[in-house]
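Undergrad: Next one to model:
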Amino acid sequence: MSARPRIVGTQLGRDVAPAVLLTAAGLLEVLAGPAGDGSRVVSAVAVAGTTLPLAWRRTVPLLPPAVIAIVLIVQALLGGWLVGDAATPLVALVIALYSAGRHVEGDAGLAVAALCVVVTSATRVVADPTAQSPGQAGLTLVAVSLPLLVGRWVRGQALLQRGFVERAEQLVRDRERDAQEAAEEERMRIAGDLEAAIAGRLQDVVHGADALPAHLRAGDHAAGRTLLASIATSARDALGDVRRVLGILRRQGEAPPLTPTAPEPPVAAGDGVAAATRPAAPRRLDAPRIAARTLDRLVVGAVLAGAALELAFAAPAGERLVAIATAVPIAVPLLWRRRRPLVAGAAVLAGIALQSTLLDLAAFPVSDIAAVVCAMYAIGAYSARRTSIAGLGVAVAGVTAHAAIFYPDGVVAALLGGVAAPWTIGRVVRGHRQLTRAGRDEAERAERVRAREARAAVIAERMRVARELHDAVAHNISVIAIQAGGADGIVDRDPDRTAQVAALIGTVAREALAELGRLVGTPEADAAAPPSLAHVDALAARARDAGQPVELRVEGEPAALPGGVDLAAYRIVQEALTNTSKHAAGAHAQVVVRFQRHAVEVEIADDGRGGARSPARGTAGHGHGLIGIRERVALYGGTLDAGRRPSGGFRVHARLPIGGA
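TA: Alright, predicted model coming up:
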C-alpha cells in the first residue's frame, strides 16, 4: 500500500465521525423544529445532503460545497426550509467552504469553489423573501464568501509557516557545511597572506643554502660569510613576520589582511557633525502599526457611511438625523478594537442597544451587523485566551438578550453569524499569526546560531593555523637562524662542516615551505609526507644534525593513530625540542614515545647542562611554546605535565587518549 492512499484513508477516517455527528444533530433539529413550507422528509434529506459530504472535506474538498449548492437548489424547488432557517446546514456550509479554501490546490479549483459560493448565495436570495433586498443580498454574498476567504488565508499562512520551518531545518543542516566553508575561507585567506609574506624569504634562504657549497669549494670564504649573514637576516625577518602574524591570529577579533590596504578617505568635520546629528531612519516595525491605525479609521468611516445611507432610507423622515447620530457610538469604538478589544466590543453592543431603544426599525441594520462582526473578530484575534473567552461569554449574553427583545426571529442567526463565526475566525487568525511568528523567530534563531557557529569555526581555524605556524614554520625558521648565525664562525676553519650546515639549512627551509604549502593546500605539499609520529626519528635526526644530542626511544607496539592525535603528538615533540635548542643549547635531550592500548604518551626531557635557562619555559603565561602545547593537549582531552626537573633540566610529558579513553 503506497503512502498516498494511506494518508487519504487516515484523513477520511478522521472526518467521517464529525460528519456523522453533525448529521445526527441536524436530524434532531428537523424532528424538534417545524416542518416549514415542505415536509420533514425533504428537510431530513437536505440535512443529510449538506452534512454527510463533509466526510470528504480534506480528500475531495470541492465535493461538500458543490453537493451543498445542489441540495439547496433542490430543497428550494421542493419547498423545504433554507440554510438561514436552521443552524446545522449553516454550520455545514461554513465548514465546507472553509475546507475548500484551505485544501483546494490551484486556481481552477479555487474558481470552482467561488462558483459554489455564487450559486449558494443566489439560491438564498432567490428563494428566501427576507434576503431579496440589496443589503441582505450583499450581506449574504459576503457571509458565504467569508469562510472560503478565511480558509484560503489560513492555507497561505500554513504554507508560509511550512516555509519558515523548512528554512530553519535547512539552516540546521547547513550549519556544519557553512562552518567548514567559513573555516576553509579563513584558512585560505590567512595562508595565502602568509605565503606572500614569508615564502619569498624562505626561497631566498634555499637559494643561498644551495649556492654556499660552491663558494666554499672555490675557497671564497668571504662570499660564504656574506651568504650566511644574508640567510640569517632573511630567517630573522621571516621569524619576525611569523611572530607578528601569531599575534594577529591569537586575537579573538577579525584578522586583518597581512598586506597593507588603502586608507579610507578622511571625513570632513562638517560631515561628522551631520552624521552625528542626522535623525535615524524610522524603524521598519512602525509601518504595520501605521497601516493598522489607517485600516481602523477606514473601517469606522465605512461603518459610519453605510449606516448613514442605510438609516436615511430605513428611519422615518422625522427621525433620520437622530437615527444617523445613533450610528456614531456604534462605529467609533472600533478605533480601539486592537488595543482594547473587550472595551470596544462592549461599547458597540451598548450603542446598538441604545439605537434599538430609540428607533423602531423593521430589520436589524447591516451596518450594525458589520460593527458587531468587526468587534467580535477583534476580541478573538487581539485578546489573550481567557480575556477572549470572557468577551465571547459577554457578547453571547448581550446579543441573545438584544435579539430576543427586538428581533426574536434572528437569535440563532445573530449568535452564529454575528458572534460565533467572527470570534472563531479571529482565534484562528491569532493562532496562525503566532505560529507564523514562532516559525519566523525559529528561522532567525537558526540563522543567528548558524552565524555564531561559522564565527566559532573561523576562530578555531585561526587557532589551528596559529598552532601549526608556531610549531612547524616558526620552529624551522628558528633552526635556520640559529644554524646560519653559528656557522659564520667556522667558515674558515671547517668548510666541510659549514657545507653540512648549508645542506641542513636548505632541508629545513624546504620543509618550512612545505608546511606553508600545507596551510595553503597546494598539491606539492599534499604529496609530501605529513607530520606524524611515524617520522619522529627524522625529527630527532635533524636535531642531532643541528648539534643537539637527542636520544629517541619508542615503547610499545606502534599503532595507527587518529590523524589529529598523531599530528598533535608530533608537534609536541617538535616544540619541546625547539625549546631545548633555544634555552638549553647543547643539552642532552631524551624523547620517549609510548604506545598504549587507549592512549599515546610523549615525554621530552633535557638535562639543561648546555646553557642558561629561561624562566619562560616553565611559566604558563609566557611565550607561545607551552601555550601551543597546552592547547593541543586540551583539544584532545589529554593531560600535560611540564616543568623543571628536581635534578636539573626541563621535562614535558603529555598523554593523549585514543578512542575516548
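Undergrad: can we go C-alpha only for contacts and neighbour counts from here?
TA: Will do.
Undergrad: L533 reaches G564, doesn't it?
TA: No: if you go by C-alpha atoms under 8 Å, L533 and G564 don't touch, sitting 11.4 Å apart.
Undergrad: Between these two, point out the one with more neighbours.
TA: Using other C-alpha atoms under 10 Å as the criterion, L533 and G564 rank with L533 on top: 22 against 13.
Undergrad: quick one, what contacts D566?
TA: Neighbouring residues of D566 by C-alpha atoms under 8 Å, 6 or more residues apart in numbering: 532-533.
Undergrad: Tell me how many other residues surround A512.
TA: A512: 24 surrounding residues under other C-alpha under 10 Å.
Undergrad: and if you look at A503?
TA: With other C-alpha under 10 Å as criterion, A503 counts 17.
Undergrad: Quick check, it in contact with A209.
TA: Yes: using C-alpha under 8 Å, A503 is in contact with A209, at 6.6 Å.
Undergrad: ranges for the helices of the stretch 151-300 of the chain?
TA: With DSSP state H, counting those that start in this stretch as the criterion, the stretch 151-300 of the chain has helices at 200-217, 221-249, 269-277, 286-314.
Undergrad: Correction: the previous question concerned the stretch 501-650 of the chain.
TA: 523-527, 536-545, 563-583, 625-635.
Undergrad: Now the weakest link among the helices of the stretch 151-300 of the chain, please, by mean pLDDT.
TA: Note on the helices of the stretch 151-300 of the chain: helix 269-277 shows the lowest mean pLDDT, a mean of 36.
Undergrad: doesn't L93 make contact with I68?
TA: Yes: taking contacts as C-alpha under 8 Å, I68 lies within contact range of L93: 7.1 Å.
Undergrad: if you count what's nearby, which of these two comes out ahead?
TA: Just comparing I68 and L93: by other C-alpha under 10 Å the higher neighbour count belongs to I68, 29 against 23.
Undergrad: neighbours around the closest residue to L359 other than its chain neighbours, how many?
TA: Sequence neighbours aside, A323 is the residue nearest to L359 in space, at 6.9 Å (criterion: C-alpha to C-alpha, 6 or more residues apart in numbering). A total of 25 residues lie near A323 under the criterion other C-alpha under 10 Å.
Undergrad: one step back: which residues are in contact with each of I68 and L93?
TA: Here I68 and L93 have T50 as joint contacts, going by C-alpha under 8 Å, 6+ apart.
Undergrad: got the contact list for T387?
TA: L342.
Undergrad: actually R236, sorry about that
TA: 477-478, 481.
Undergrad: Could you do L342 as well?
TA: 379, 383, 387-388, 391 are the contacts of L342 under C-alpha under 8 Å, 6+ apart.
Undergrad: looking at those, which has the most residues close by?
TA: Within the contacts of L342, neighbour counts (other C-alpha under 10 Å) peak at I379, which reaches 32 neighbours.
Undergrad: And for that residue, nearest residue in space, chain neighbours not counted?
TA: In space, I379 is closest to P341, 5.1 Å off (C-alpha to C-alpha, 6+ apart).
Undergrad: A541 too?
TA: Closest residue in space to A541, ignoring its immediate chain neighbours: V550 at 7.8 Å, by C-alpha to C-alpha, 6+ apart.
Undergrad: looking at it, the one you found is touching A540, isn't it?
TA: Yes: if you go by C-alpha under 8 Å, V550 and A540 touch, sitting 6.1 Å apart.
Undergrad: Local confidence estimate at R4?
TA: Per-residue confidence (pLDDT) for R4: 49.
Undergrad: swap in V593?
TA: For V593, the model assigns a pLDDT of 94.
Undergrad: Contacts only, for it.
TA: Counted by C-alpha under 8 Å, 6+ apart, V593 has contacts 553-555, 600-603.
Undergrad: Around G563, count how many other residues there are.
TA: 11.
Undergrad: can you check the one 5 residues further on too?
TA: In terms of burial, A568 registers 26 neighbours under the definition other C-alpha under 10 Å.
Undergrad: Setting aside sequence-adjacent positions, which residue approaches it most closely?
TA: In space, and not counting its chain neighbours, A568 is closest to R632: 6.0 Å by C-alpha to C-alpha, 6+ apart.
Undergrad: likewise D178?
TA: A454 (6.2 Å).
Undergrad: Now do the residue lying closest to L249 once chain neighbours are set aside against E185, distance only.
TA: Leaving out its chain neighbours, the residue that sits closest to L249 by C-alpha to C-alpha, 6+ apart is R462, at 5.7 Å. Going from R462 to E185 by C-alpha to C-alpha, to the nearest Å gives 11 Å.
Undergrad: Looking only at neighbour counts, state which of the two leads.
TA: Of the pair R462 and E185, R462 is the one with more neighbours under other C-alpha under 10 Å, namely 25 against 14.
Undergrad: The more buried one: what secondary structure?
TA: State at R462, reduced to three classes by DSSP: H, G, I helix; E, B strand; the rest coil: helix.
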